[in-house]
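Peer 1: prediction below, plus the sequence it came from.
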Amino acid sequence: MSEALWERCLSGLREEFPSQQFNTWIRPLRLADCSGELLVLTAPNRFVKDWVTDKYLAHIRQTFINVSGNLSADVSIDIAGKPMAANGSGGFLTARNSAMPVRSSPPPAPEPEPPAAAPVTEPVRQILFNQPETAAVGDTDSAAALMTSFNENRMADVAPTQAALPLQEVQPELVIEEPRRRKSRKVDVEGGVKHQSNLNPAFTFQAFVQGKSNQLALAAAQQVADNPGGGYNPLFIYGGVGLGKTHLMHAVGCEMLRRNPNARIVYLHSERFVADMVKALQLNAINDFKRYYRSVDALLIDDIQFFAGKERSQEEFFHTFNALLEGGQQLILTSDRYPKEISGVEERLKSRFGWGLTVPIEPPELETRVAILMKKAEEARIRLPDDSAFFLAQKIRSNVRELEGALKRVIANAHFTGSEINTPFIKESLKDLLALQDKQVSIDNIQRVVADYYKIKINDLLSKRRSRSVARPRQVAMSLSKELTNHSLPEIGSAFGGRDHTTVLHACRKIKELRESNNDISEDYKNLLRHLTA
Ligand SMILES: Nc1ncnc2c1ncn2[C@@H]1O[C@H](COP(=O)(O)OP(=O)(O)OP(=O)(O)O)[C@@H](O)[C@H]1O
């Protein structure tokens with residue numbers, strides 16, 4: 001009975017929350033008890049408990065009151081620490097202790113330790129790394145030789161060779177003329193393996209601007225930096241391009257290194273992991289590869305979606321992942337989408353991605369974009385008037401990388417021409433970019449075209465009317481706005497008569513569903529898309 005009540009609450013909550021929020025916060029909750037008026041839930045760890053209590057408890061309580069019909073019903077949330085009610089959905093189970101990540105399936109048997117590695121032979125060294133035997137790698141330690149070289153190879157595409165710099169000596173700064181370089185930092189560890197962190201010392205927590213769109217990801221990253229290998233392992237950050245995932249991941253690594261300069265932290269892009277593995281396989285050096293990646297304190301892998309379709313790499317990563325988790329070493333992963341939505345990646349990996357904490361990062365809203373610009377200007381030691389920051393933030397909405405790129409262009413122009421930065425100067429410096437932005441489809445334009453197409457008034461789209469003849473075109477227009485513009489869900493909601501972002505999300509889902517099941521809607525949508533993007 002109590003389970004049925006909780007299931008009904010869950011269905012209600014699933015309808016009300018965007019899937020991201022539901023999957024991250026509500027789904028991991030487990031029913032512990034439901035006696036009379038009190039629904040007792042457990043959260044997999046303190047972070048989830050605190051966040052849900054703060055943000056969602058009132059909502060859950062209201063839903064419980066609605067489904068139970070008991071006006072004085074209450075909800076409490078505890079941290080999972082005892083066996084919980086059986087419930088197959090979601091990715092959490094109680095782990096060794098309440099602070100540990102919780103698991104959806106029994107942990108896999110640990111893989112046997114790789115046998116002692118054979119030395120890297122001279123031909124191998126030369127073929128792979130183009131290095132003579134005298135290269136500065138430990139000749140007697142093949143793992144060190146191989147992996148140092150892997151990393152030197154890796155660094156070749158991102159940075160010229162540089163002496164390692166102590167982190168605290170590096171001031172974050174906005175480099176105008178040249179993209180900022182990553183500093184490589186070699187760390188000696190037992191067995192002689194040298195790790196190169198590849199961390200960008202400019203990507204710190206201090207340099208990261210907090211906003212509504214990223215506060216959760218930032219809070220989670222700070223928790224991980226405070227307690228690496230603890231309860232939030234792996235930390236999985238997902239969201240669109242240029243929104244700060246890599247920055248946050250580096251910030252954790254930088255903070256860990258600041259606290260413990262001997263920490264072995266390795267950052268790499270997933271494609272590099274694949275490339276290294278392929279090389280290791282070709283050279284019969286896979287055991288060195290395994291030993292290297294399993295001997296880190298923290299492994300940070302960016303854009304994990306690039307593992308899609310690469311089965312052998314997934315297999316290797318799967319074992320590395322398990323070994324690191326078993327060893328209490330921290331994993332941080334990023335992806336452009338929610339783990340379960342990454343296609344071409346094995347289910348067992350996807351489910352493991354959700355064992356720790358999965359947090360979204362969203363496009364920043366206007367205020368955050370302005371704050372980011374002010375911060376970047378401050379770092380570059382230039383004066384950016386408020387109205388100019390506001391103007392730029394209004395014009396460039398897509399992502400932070402583009403925003404930063406636009407500011408860099410303005411700064412460079414000002415530098416070369418000796419001009420003062422103000423709004424007219426920005427307009428002049430970015431006229432090509434701004435013209436392109438203006439050509440992009442706007443919500444206004446979408447509303448006008450959709451209203452014309454369905455022969456209704458624009459005001460109807462913005463009104464509260466719910467008749468099918470108006471509600472459906474409104475949903476189509478919302479869905480097109482999501483697809484064709486860079487506006488966030490709340491921004492779209494507000495452009496449609498001040499609606500909530502959940503209404504927009506519901507509209508997008510509904511239209512997606514209808515386009516698959518209803519030929520008329522599918523045809524209408526295609527026509528409108530064609531018209532708007534012609
Ligand atoms: N909140 C923020 N505060 C300050 N800088 C930010 C913020 N968010 C993003 N940035 C900056 O924007 C740029 C792009 O961020 P980053 O590379 O982390 O994006 P990403 O989400 O990893 O993108 P991709 O998916 O393309 O790898 C970086 O220079 C980063 O410092």
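Peer 2: Yes, it's here.

Peer 1: quick one: the helices in the stretch 201-350 of the chain, in order.
Peer 2: Assigned by DSSP state H, counting those that start in this stretch, the helices in the stretch 201-350 of the chain fall at 215-226, 245-259, 270-282, 286-294, 311-326, 347-353.

Peer 1: buried ones in stretch 422-432, by neighbour count?
Peer 2: The neighbour-count criterion (16 or more other CB atoms under 10 Å) identifies F425, I426, S429, L430 as the buried residues of stretch 422-432. Using the backbone N, CA and C atoms, a C-beta is placed for each residue, glycine as well.

Peer 1: state the helix or strand in which the residue nearest to the last one when sequence neighbours are not counted lies.
Peer 2: In other words, L430. Once flanking residues are discounted, L430 sits nearest to A406: 5.8 Å by CB to CB, 6 or more residues apart in numbering. Secondary structure assigned from DSSP states H and E places A406 in helix 400-417.

Peer 1: show me what the mean pLDDT comes to for that helix.
Peer 2: The average of the pLDDT scores along helix 400-417 is 94.

Peer 1: buried sites along it?
Peer 2: V400, E402, L403, E404, A406, L407, K408, V410, I411, N413, A414.

Peer 1: quick check: closest non-adjacent residue to the first one.
Peer 2: The spatial neighbour of V400 that comes closest, neighbours along the chain excluded (CB to CB, 6+ apart), is G242 at 5.4 Å.

Peer 1: wait, that neighbour touches I396, no?
Peer 2: No: contact status for G242 versus I396: not in contact, 10.8 Å apart, counting by CB atoms under 8 Å.

Peer 1: for the protein, name the helix or strand with the lowest mean pLDDT.
Peer 2: helix 122-129 (a mean of 32; mean pLDDT, DSSP states H and E).

Peer 1: what is the burial count for the residue in the chain positioned nearest to the ligand?
Peer 2: Across the chain, no residue is closer to the ligand than G244, which sits at 2.8 Å (CB to the nearest ligand atom). Using other CB atoms under 10 Å, G244 is surrounded by 26 other residues.

Peer 1: for it, which residues are in contact?
Peer 2: Residues near G244 by CB atoms under 8 Å, 6 or more residues apart in numbering: F208, N214, A217, I361, V400.

Peer 1: let's see that with 7 Å instead.
Peer 2: By CB atoms under 7 Å, 6 or more residues apart in numbering, the contact set of G244 is F208, N214, I361, V400.

Peer 1: quick check: phi and psi at V370.
Peer 2: The phi/psi pair for V370 (degrees, to the nearest 10) reads phi -60, psi -50.

Peer 1: any weak-confidence spans in the stretch 101-250 of the chain?
Peer 2: The model of the stretch 101-250 of the chain has pLDDT under 70 over residues 101-195.

Peer 1: so which bits of it are right by the ligand?
Peer 2: Counting by CB under 6 Å from any ligand atom, the stretch 101-250 of the chain comes close to the ligand at F203, A207, F208, V209, N214, V241, G242, L243, G244, K245, T246, H247.

Peer 1: what ranges do the strands span in this protein?
Peer 2: Here the chain has its strands, by DSSP state E, at 30-35, 38-43, 74-79, 186-188, 194-196, 235-238, 265-269, 298-302, 330-335, 357-360.

Peer 1: can you give me the buried ones in the third one?
Peer 2: Of the residues in strand 74-79, those scored as buried under the neighbour-count criterion (16+ other CB under 10 Å) are V75, I77, I79.

Peer 1: can you tell me how far the spatially closest residue to A393 that is not a sequence neighbour is from D74?
Peer 2: Among residues not flanking A393 along the chain, R369 sits closest, at 3.7 Å (CB to CB, 6+ apart). According to CB to CB, to the nearest Å, R369 and D74 sit 40 Å apart.

Peer 1: about what we covered before: just put the contacts of G244 in a markdown table and tack on distance to V48.
Peer 2: Output for those, formatted as a markdown table (distance: CB to CB, whole Å):
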| residue | distance to V48 |
| --- | --- |
| F208 | 22 |
| N214 | 18 |
| I361 | 17 |
| V400 | 27 |
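
Peer 1: what about those, which one has the most neighbours?
Peer 2: Going by other CB under 10 Å, N214 tops these with 27 neighbours.

Peer 1: residues in contact with that residue?
Peer 2: By CB under 7 Å, 6+ apart, the contact list for N214 reads G244, I361, P364.

Peer 1: with A217 instead?
Peer 2: When contacts are counted by CB under 7 Å, 6+ apart, A217 touches I237, L248, V359, P360, I361.

Peer 1: the residue nearest to the spatial centre of the chain - nearest residue in space that isn't next to it in sequence?
Peer 2: Closest residue to the average C-alpha location of the chain: Y238 at 2.3 Å, with CA atoms, centre = their mean. What sits nearest to Y238 in space, not counting adjacent residues and going by CB to CB, 6+ apart, is S335, at 4.7 Å.

Peer 1: could you do D78 as well?
Peer 2: Leaving aside its sequence neighbours, D78 sits nearest to T42 (CB to CB, 6+ apart; 5.2 Å).

Peer 1: same question for S469.
Peer 2: I456 (7.0 Å).

Peer 1: burial of that neighbour, as a residue count?
Peer 2: Count around I456 with other CB under 10 Å applied: 17.

Peer 1: wait, it sits on V470?
Peer 2: Yes: with contact defined as CB atoms under 7 Å, I456 reaches V470; the gap is 6.1 Å.

Peer 1: the ligand contacts on the chain?
Peer 2: Contact residues, the chain versus the ligand (CB under 6 Å from any ligand atom): 203, 207-209, 214, 241-247, 303, 336, 372, 375, 400-401, 404.

Peer 1: spit out the contact partners of I456.
Peer 2: Counting by CB under 7 Å, 6+ apart, I456 touches S469, V470, P473.

Peer 1: pLDDT at the residue lying closest to I521 once chain neighbours are set aside, what is it?
Peer 2: Distances taken as CB to CB, 6+ apart put L514 closest to I521, at 4.3 Å, once the chain neighbours are dropped. Among the per-residue scores, L514 holds a pLDDT of 93.

Peer 1: L514 contacts E523, correct?
Peer 2: No: between L514 and E523 there is no contact, the gap being 11.2 Å when judged by CB under 7 Å.

Peer 1: what residues are up against the residue lying closest to R337 once chain neighbours are set aside?
Peer 2: Leaving aside its sequence neighbours, R337 sits nearest to Y238 (CB to CB, 6+ apart; 5.8 Å). Applying CB under 7 Å, 6+ apart to Y238 gives the contacts T334, S335, D336, R337, Y338, T358, P360.

Peer 1: what bridges to the first one?
Peer 2: Yep, that's T334 we're talking about. For T334, the beta-bridge partners under DSSP bridges are I237.

Peer 1: burial measure for it, as a count.
Peer 2: Residues near T334, counting by other CB under 10 Å, number 25.
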